[in-house]
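Visitor: I would like the atomic coordinates for the input below:
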Amino acid sequence: MNSIFADIVIKQPSKLMKIKTLKRLIYCFPALLVSFSFFSLKSYATPVEHILPDSSQTPGFKVKTVIVDAGHGGFRAGASGAYSVEKNVTLQIAFKLQKAIEKELNDVKVVMTRTTDEDILWQKRATIANENKGDLFVSIHCNSLADRVTTVKGKRVRVPNRSGKGVLLLVYGFHRTKEEEKAIKETRFEDDDEMNAAFDPNDPAALILLNEYKRKYRKQSIRFANLLSDEFSNDGRRIEGIREQGVLVLCRSAMPAVLVETGYINNPDEEEYLNSEAGQNEIVASIVKAIRNFKKEVEN
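Guide: Got it, this is the predicted structure:
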């Protein structure tokens, strides 16, 4: 790795000397390439590969702003149960999470993507997160299973599937990395006039910096998802695993991001849990503990 950076300096000395911020950041990133022990991801369906956790960080980095995203809203009600809908449950949990973070992590600012029943488009949610320079994005959702299709007396009929139970955690899929690249450049580079002016997709230095941002955010997203999984499990919730999906709001947020499917709202027992004060408070407590542990790790 040292030879790669040396080669860049030799071939482009004048450019790197002029762009002080870019040079400084490039020399910070080799620390991110240090190998650590593997950790496993508990996953089903589309698995996330085993990946090295990234506990190192740019010196002085702090988790200052957490984005809390209450899924759905307005006419996009989301999943539904016998008496409740996803958009209402997620907003209730999001408000509780906001208060808990502000109380227990008093040096952390919370930004909500929505505080009413208004339908906020997915792109707008990512824009809110990026404009507020979020350090962590937590999207709250409720899960649901599609009806089973079976045959009764020669006819195909749909039967409700209420067997789902537990927490599912999502990180963005690799097939949408171009959108993340755009978000990172717009959010992390354009703040710095020198860096933005110097960014050239054909410049090895710029590409190294961009790729390190992508790699860091992905590794930290998966690390945070593992911390969430541990806390939910410790608090007695069933864990369905960690999966990667092409979730727009995750891949367009230039920061570590995890979508939390808090439970299956079309399962009667789960619906009762998700709507209860006790259940929502348990969910919030698990998330806050994971945020606290993540904050300690990256700030070191």
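Visitor: what is the neighbour count of R148?
Guide: 11 (other C-beta atoms under 10 Å). C-betas here are computed from N, CA, C, even on glycine.
Visitor: and K295, by the same measure?
Guide: Using other C-beta under 10 Å, K295 is surrounded by 19 other residues.
Visitor: my guess is it contacts V63, does it?
Guide: Yes. With contact defined as C-beta atoms under 8 Å, K295 reaches V63; the gap is 4.3 Å.
Visitor: hey, what's in contact with both of these two?
Guide: V108 (C-beta atoms under 8 Å, 6 or more residues apart in numbering).
Visitor: quick one: contacts for the nearest residue to G73 once chain neighbours are set aside?
Guide: Take G73 and drop its neighbours on the chain: the residue closest to it by C-beta to C-beta, 6 or more residues apart in numbering is D119, 4.6 Å away. Contacts for D119 (C-beta under 8 Å, 6+ apart) come out as 72-76.
Visitor: in which helix or strand does D119 reside?
Guide: For D119, there is no host helix or strand (DSSP states H and E).
Visitor: and F137, what does it touch?
Guide: F137 sits next to 66-67, 69, 129, 249-250, 253, 255-258 when contact means C-beta under 8 Å, 6+ apart.
Visitor: hmm, back to that, most widely separated two among the contacts of D119?
Guide: H72 and F75 (9.4 Å; C-beta to C-beta).
Visitor: mind checking which of those two has more residues around it?
Guide: Taking neighbours as other C-beta under 10 Å, H72 and F75 compare with H72 leading, 23 against 8.
Visitor: that one contacts S80, doesn't it?
Guide: No. In this structure H72 lies outside contact range of S80 using C-beta under 8 Å: 10.5 Å.
Visitor: now for these two: what residues contact both?
Guide: Both H72 and S80 are in contact with E86, where contact means C-beta under 8 Å, 6+ apart.
Visitor: and which of the contacts of F137 is nearest E104?
Guide: V66 (11.7 Å).
Visitor: can you tell me the SS state at the closest one?
Guide: Under DSSP: H, G, I helix; E, B strand; the rest coil, V66 falls in the strand class.
Visitor: over to D117?
Guide: coil.
Visitor: dump the residue contacts of R114.
Guide: Neighbouring residues of R114 by C-beta under 8 Å, 6+ apart: 69-70, 73, 91, 94, 120, 125.
Visitor: make JSON lines out of the residues you listed and add secondary structure.
Guide: Below are those laid out as JSON lines (three-state DSSP):
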{"residue": "D69", "secondary structure": "strand"}
{"residue": "A70", "secondary structure": "strand"}
{"residue": "G73", "secondary structure": "strand"}
{"residue": "L91", "secondary structure": "helix"}
{"residue": "A94", "secondary structure": "helix"}
{"residue": "I120", "secondary structure": "coil"}
{"residue": "R125", "secondary structure": "helix"}
